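Visitor: please find the sequence and the predicted model below.
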There are 2 protein chains.
Amino acid sequence: MNKLLIVGTVAFDAIETPFGKTDKILGGAATYIGLSASFFNLKSAIVSVVGDDFPQEYLDLLTQRNIDISGIEVVKGGKTFFWSGRYHNDLNSRDTLATELNVLADFQPKVPQEFKDAEVVMLGNLHPLVQSSVLDQMQAKPKLIVLDTMNFWMNCALPELLEVIKRVDVITINDEEARQLSGEYSLVKAAAKIHTMGPKYVVIKKGEHGALLFQDKEIFFAPALPLEEVFDPTGAGDTFAGGFAGYITQSENISFDNMKNAIIYGSNLASFCVEKFGAERMISLERDEFVGRLKQFRALTQFEIELQH
Amino acid sequence: MNKLLIVGTVAFDAIETPFGKTDKILGGAATYIGLSASFFNLKSAIVSVVGDDFPQEYLDLLTQRNIDISGIEVVKGGKTFFWSGRYHNDLNSRDTLATELNVLADFQPKVPQEFKDAEVVMLGNLHPLVQSSVLDQMQAKPKLIVLDTMNFWMNCALPELLEVIKRVDVITINDEEARQLSGEYSLVKAAAKIHTMGPKYVVIKKGEHGALLFQDKEIFFAPALPLEEVFDPTGAGDTFAGGFAGYITQSENISFDNMKNAIIYGSNLASFCVEKFGAERMISLERDEFVGRLKQFRALTQFEIELQH
């Protein structure tokens, strides 16, 4: 089995949507990435940090998914990273109500020895210096390095972000962030500019409008599955990235054609994530449901046109 | 050859985009629909009205595309419908600067005798009473009736609009209009509600985010082709509808699977329309370019996933 190394937050979230609100629940980019990747045949580990206020049952939940948590540092007397947000009625935008870095402020990531030769590294959204530090600890260049980030780091740590972007093969980023990073409005032009910053593959996430994969002049598009209800978008982007990285790790094939499949798998998993609050749906998700929905993706997008007419 | 009957405006447009502005140029829903449908093997006619200020060269342009213009009434001393609009920087929204109905105000459509048995009728965006009147003049129920409309008619002629919607097989409508018509935010729920109003097929146009085709529980999605530049979105929705109706007319197959192809053809043609001002690109478009871009649509969306993994 190939190895997937994940770095990112393991955290508490408190979420308000038009449909309800939660107390502190399990959240964090690495949590979503790890749960999503656990649907594939691979060995995974999370590198992160929590306080000793973090419930053992949450850690057990990750272990039950065969995720190695030896790289999750538990800081005695520390408090776990906490994020709170409120979504607007259209669920496309949100206000951040609270961000308490807590133990994340001084986080020094430590990659477990067993994962220093991981085939795939998924750098979840986190300070770019932490992302770089994880890459520094790898014994050899991984087959594929995927980076997810957000506008926050473009605003407050751009030089460090550009440094780590140089070192990765794939960047996943949302449409507005791609525009901010590149200074280009057209996503085709934005992707071309981001290519020149380092990543051979650029994935632009458009939420309910799907995702685009760029490699030079080649483009692939996967729609989001049209759903009757989107309950809570929290973690959908991380779940997408986890599905993408998990599928690549399992298949050990980094061709553009295989990345198309990875994008479909990521979109599929993200379509479940949004059905309930937080990671609830990802925890209850069964393999059958997940495979069944792949058929829906096929029906949604595949057509037969004779190119002579 | 099958016949396609088109009703809609033939008009003057004056357009401002971030890239420039035009004087009065050829516009109108029926113009775009007719030009788009002319790429298929069919006989088409436009039912519309213009003033005697409308240049003969514009009418000749339609005739050169084998469009029967005997149903375009020229009102002596009348002025042609004129619309003027200014697009915002993102090209996703626009302000209407002028709408002069002129000869359109008293328009009584007259379907040419030869097209009263048309296999397909495309009711372009226009007053719903005009759309109904065209259906009243048909000798028999056409194989397929497609209706395009907009929020304007929902606001000021809803009862008449609902009457004509009852009579059609396919409605094409944009996402915001689908939400307004149905009172549902989720497009899946909106389509389900619009089904109950009459149309067996619901097409929801999402502009740069593609288009969805619904038939009961079945859904198909076609992306818009990602472009380096969108120059002017005017007429893209009509061009899409014209490609859809044109392909159905040519193939004479109203199965859901064939409608998927029709959606792809419509998206393909619309992707050309936005490359230049107004109808300019549709006038210069060659068959080769159009077929070449079908290959891009295939590459953009087709994938191969083994459903066992």
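Guide: Sure thing, it's come through. Numbers count the residues shown, from 1 in each chain, chains lettered A, B, ... in the order given.
Visitor: so is stretch A:78-96 next to chain B?
Guide: Yes: using C-beta under 8 Å from any C-beta of the partner chain, stretch A:78-96 reaches chain B at A:89-90. Where you see a C-beta, it was placed from the backbone N, CA and C, and this is true even at glycine.
Visitor: grab the nearest non-local neighbour of the spatially most central residue of chain A.
Guide: Of all residues in chain A, the one closest to the mean position by C-alpha atoms, centre = their mean is A:Asp238, 2.6 Å from it. With C-beta to C-beta, 6 or more residues apart in numbering or on different chains as the criterion, A:Asp238 has its nearest non-adjacent residue at 3.6 Å, and that residue is A:Tyr32.
Visitor: contact partners for the one you found?
Guide: A:235, A:238-239, A:242, A:273, A:279, A:282 (C-beta atoms under 8 Å, 6 or more residues apart in numbering or on different chains).
Visitor: what about A:Val10, how many residues nearby?
Guide: Using other C-beta atoms under 10 Å in any protein chain shown, A:Val10 is surrounded by 29 other residues.
Visitor: residue of the stretch 51-200 of chain A nearest chain B, please.
Guide: A:Val188 (4.7 Å; C-beta to the nearest C-beta).
Visitor: still on that earlier bit, and the contacts of A:Tyr32 as CSV, adding pLDDT, secondary structure and distance to B:Phe303?
Guide: CSV is the format used below for the contacts of A:Tyr32 (pLDDT from 0 to 100; DSSP: H, G, I helix; E, B strand; the rest coil; distance: C-beta to C-beta, whole Å):
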residue, pLDDT, secondary structure, distance to B:Phe303
A:Gly235, 96, coil, 24
A:Asp238, 97, helix, 22
A:Thr239, 98, helix, 19
A:Gly242, 98, helix, 19
A:Cys273, 97, helix, 21
A:Ala279, 96, coil, 27
A:Met282, 97, helix, 23
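Visitor: who wins on neighbours among those?
Guide: Most crowded among the contacts of A:Tyr32, counting by other C-beta under 10 Å, is A:Gly242 at 37 neighbours.
Visitor: how about that residue, nearest residue that isn't a chain neighbour?
Guide: Going by C-beta to C-beta, 6+ apart, A:Gly242 has A:Ser36 as its nearest residue, at 3.0 Å.
Visitor: regarding that neighbour, what is its secondary structure?
Guide: Three-state assignment for A:Ser36 (DSSP: H, G, I helix; E, B strand; the rest coil): helix.
Visitor: re earlier: so which helix or strand takes in the residue of the stretch 51-200 of chain A closest to chain B?
Guide: Assessed by DSSP states H and E, A:Val188 sits inside helix A:187-196.
Visitor: say whether chain B is contacted by the very next helix or strand once past that helix.
Guide: Per DSSP H and E, the first helix or strand lying C-terminal to helix A:187-196 is strand A:201-205. No: Strand A:201-205 is not in contact with chain B by C-beta under 8 Å from any C-beta; minimum separation 9.2 Å.
Visitor: show me where chain A dips below the pLDDT cut-off.
Guide: A:307-309 (pLDDT under 70).
Visitor: one more pass at 80, please.
Guide: Applying pLDDT under 80 to chain A picks out residues A:306-309.
Visitor: export only the CA atoms of the lengthiest strand in chain A, formatted as CSV.
Guide: Secondary structure of chain A per DSSP state E: the longest strand is strand A:43-51. The C-alpha coordinates for strand A:43-51 follow below in CSV (Å, rounded to 0.1, in the frame of the first residue of the first chain):
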residue,chain,number,x,y,z
LYS,A,43,-1.8,4.1,4.5
SER,A,44,-2.3,7.6,5.8
ALA,A,45,-1.0,9.8,8.6
ILE,A,46,-1.9,13.2,9.8
VAL,A,47,0.6,15.7,11.1
SER,A,48,-1.1,18.3,13.3
VAL,A,49,-1.5,19.7,16.8
VAL,A,50,-4.3,19.8,19.3
GLY,A,51,-4.7,20.8,23.0
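Visitor: helices or strands next to the helix or strand following that strand in the packing?
Guide: Next along the chain after strand A:43-51, taking DSSP H and E as the criterion, comes helix A:56-64. Under the contact definition 3 or more C-beta pairs under 8 Å, 6 or more residues apart in numbering or on different chains; DSSP states H and E, helix A:56-64 sits against helix A:29-37.
Visitor: let's see that with 10 Å instead.
Guide: strand A:25-27, helix A:29-37, strand A:43-51, strand A:67-68, strand A:72-75 (3 or more C-beta pairs under 10 Å, 6 or more residues apart in numbering or on different chains; DSSP states H and E).
Visitor: run through who's touching the fourth one.
Guide: What it means is strand A:67-68. Contacts with strand A:67-68, where a contact means C-beta atoms under 10 Å, 6 or more residues apart in numbering or on different chains, come from A:3-6, A:30-31, A:33-35, A:37-38, A:43-47, A:59, A:61-62, A:112, A:114-115.
Visitor: buried only: go through these for me.
Guide: Taking 16 or more other C-beta atoms under 10 Å in any protein chain shown as the criterion, what is buried in those is A:3-6, A:30-31, A:33-35, A:37-38, A:43-47, A:59, A:61-62, A:112, A:115.
Visitor: does the longest strand of chain A reach chain B?
Guide: No: Strand A:43-51 lies apart from chain B when judged by C-beta under 10 Å from any C-beta of the partner chain; the minimum separation is 16.6 Å.
Visitor: what strands line up against that strand, and which way round?
Guide: Strand A:43-51 has its sheet partners listed here by DSSP bridges as strand A:3-7 (parallel), strand A:67-68 (parallel), strand A:72-75 (parallel).
Visitor: hey, what's the angle from it to helix A:29-37? Just curious.
Guide: For strand A:43-51 against helix A:29-37, the angle by axes from the mean of the first three to the mean of the last three C-alpha atoms, to 10 degrees is 150 degrees.
Visitor: look up how far B:Ala14 lies from A:Pro233.
Guide: 40 Å (C-beta to C-beta, to the nearest Å).
Visitor: how about A:Gly77?
Guide: 69 Å.
Visitor: who has more neighbours out of these two?
Guide: Neighbour count, other C-beta under 10 Å: between A:Gly77 and B:Ala14, B:Ala14 has more, with 18 against 8.
Visitor: and that one, what helix or strand is that in?
Guide: strand B:11-17.
Visitor: and that strand, anywhere near chain A?
Guide: No: judged by C-beta under 10 Å from any C-beta, strand B:11-17 stays clear of chain A, getting no closer than 12.8 Å.
Visitor: looks like the residue nearest to the centre of chain A contacts A:Gly278 (just checking).
Guide: No: using C-beta atoms under 10 Å, A:Asp238 is not in contact with A:Gly278, being 11.4 Å away.
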